[in-house]
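S.K.: For reference, the sequence and a predicted model appear below.
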Amino acid sequence: MLTEELLHEALEYGKVFVQNGQTAQYIPELRHVNKYYLGICAMTLDGQIYEAGDTHIPFTIQSISKMVSLLLAIQDCGMEFLFHDKVGSEPTGDPFNSIVKLETKSRPFNPFINAGAITVASCIQGKDADEKFERFLTFTRRLCDNQDISLNQEVYESEKLTGDRNRALAYYLKASGILEGNVEECLDFYFKMCSVSATAYDIAHMSLILANHGIDPKSGEELIPQKYAKAVRALMLTCGMYDGSGEFAMTVGFPAKSGVGGGIAVPLVGRMGIGVFGPALDEKGNSAGGIKMLEYLSKKLNYSLF
Ligand code: GLN
């Protein structure tokens, strides 16, 4: 049974694995984050909230933002167009920022690798990067049920200044006819969405909405159409932890989306939403302690999908 004590046990177990991880080094502003932060929050469909550790420390959501932008792009362009013309829905087995498959395939493999997410970002409607970002922020705030969620300006500037690999991906996509419009505008929006700051508590709420088929259990309001929530959860399972997705499915068995800020969003359908924060990353860019906490919970609760 899920209890706060169980979360504390998971936290203690996860802490053991933090030592060997490190914060994202390729984003200068993330190098300074205290790598020993670790926290987990679970919100159940019937309104219970359980927390252990650093659940109220803000961190940049990074690739967790790719779920939100994907949902906006689906709304704007439709699933058929997006998954037919712009991105695929297959795992790559490559690192999240890999460029290698772009030349051999007509479009990025999935919307969660950087190439796919940058493409998806270009499909969101708005007259400029600012308007797109306003829409992104409004939707993120609703999903997290927190109106205070905002941009971490330092991380945004740091990513924009050093994001040459993402710039390379974007210009390549433009040259291939996949990315349309102004490349720098698209990247500006992409760097901003990655640099939005939230807590494990906020991410648990976002996950709760996905776990409840897109409906806010408190208000009964539909924030995400059911079939889109289902598609996003499926992509989380197959591609959400990048080239660690297969192993994560074996050892944990939850749909999950990680970010290099150390966050992980986990929607357990019909049960709960989980938000994790642990900025010490493993070599694949996933939270080292976070994965271990989830592994502990999965085993103790016997909640693996498999
Ligand atoms: N902003 C990061 C990047 O583009 C997001 C990557 C991640 O969280 N895995 O490199």
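M.R.: All right, it came through fine.
S.K.: C-alpha only now, for contacts and for neighbours.
M.R.: Will do.
S.K.: measure the spatially most distant residue from the centre of the chain to residue 219 for me?
M.R.: Distance from the C-alpha centroid of the chain peaks at residue 175, with 27.2 Å (Cα atoms, centre = their mean). Distance, residue 175 to residue 219, using Cα to Cα, to the nearest Å: 45 Å.
S.K.: Then residue 288?
M.R.: From residue 288 to residue 219 the distance is 35 Å (Cα to Cα).
S.K.: Distance from the chain centre to stretch 52-72, please.
M.R.: Centroid separation for stretch 52-72 versus its chain: 6 Å, with Cα atoms, centre = their mean, to the nearest Å.
S.K.: Counting neighbours, go ahead and name the busier of residue 288 and residue 219.
M.R.: Applying other Cα atoms under 10 Å to residue 288 and residue 219 shows that residue 288 carries more neighbours, namely 27 against 7.
S.K.: which residues does the more buried one contact?
M.R.: 14, 17-18, 21, 278, 280-282 (Cα atoms under 8 Å, 6 or more residues apart in numbering).
S.K.: tell me which parts of the stretch 101-250 of the chain are close to the ligand?
M.R.: 114, 194 (Cα under 6 Å from any ligand atom).
S.K.: Looking at the stretch 101-250 of the chain, what residue ends up closest to the ligand?
M.R.: The nearest approach of the stretch 101-250 of the chain to the ligand comes at residue 194, 4.9 Å away (Cα to the nearest ligand atom).
S.K.: got the contact list for the nearest residue to that residue once chain neighbours are set aside?
M.R.: Leaving aside its sequence neighbours, residue 194 sits nearest to residue 62 (Cα to Cα, 6 or more residues apart in numbering; 3.8 Å). Residues counted as contacts of residue 62 (Cα under 8 Å, 6+ apart) are 193-196, 259-261.
S.K.: Give the other helices and strands that the longest helix belonging to the chain contacts.
M.R.: Longest helix of the chain, by residue count under DSSP state H: helix 129-144. Helix 129-144 is packed against helix 65-77, helix 183-194, helix 200-211, with contacts defined by 3 or more Cα pairs under 8 Å, 6 or more residues apart in numbering; DSSP states H and E.
S.K.: List the strands paired with the next helix or strand after it, with their directions.
M.R.: Following helix 129-144 in sequence order, the next helix or strand is strand 150-151 (DSSP states H and E). Using DSSP bridges, the strands paired with strand 150-151 are strand 196-198 (antiparallel).
S.K.: what does the strand it pairs with rub up against?
M.R.: Contacts to strand 196-198, defined as Cα under 8 Å, 6+ apart, come from residues 57-62, 65, 149-152.
S.K.: again, but for stretch 298-306
M.R.: Residues contacting stretch 298-306 (Cα under 8 Å, 6+ apart): 1-2, 252-254, 297.
S.K.: give me that answer again for 7 Å
M.R.: Residues outside stretch 298-306 that contact it (Cα atoms under 7 Å, 6 or more residues apart in numbering) are 1, 252-254.
S.K.: try stretch 199-207
M.R.: Stretch 199-207 has contacts (Cα under 7 Å, 6+ apart) with 39-43, 55-59, 143-145, 265-267, 273-277.
S.K.: Show only the entries of those found in strands.
M.R.: Mapping the contacts of stretch 199-207 onto strands (DSSP state E) picks out 39-43, 59, 265-267, 273-277.
S.K.: could I get those residues as TSV with distance to residue 87 and neighbour count?
M.R.: Listed next are those as TSV, based on distance: Cα to Cα, whole Å; neighbours: other Cα atoms under 10 Å:
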residue	distance to residue 87	neighbour count
39	33	29
40	32	30
41	32	26
42	32	29
43	32	24
59	28	24
265	22	29
266	23	30
267	23	30
273	27	27
274	27	30
275	27	29
276	28	33
277	29	34
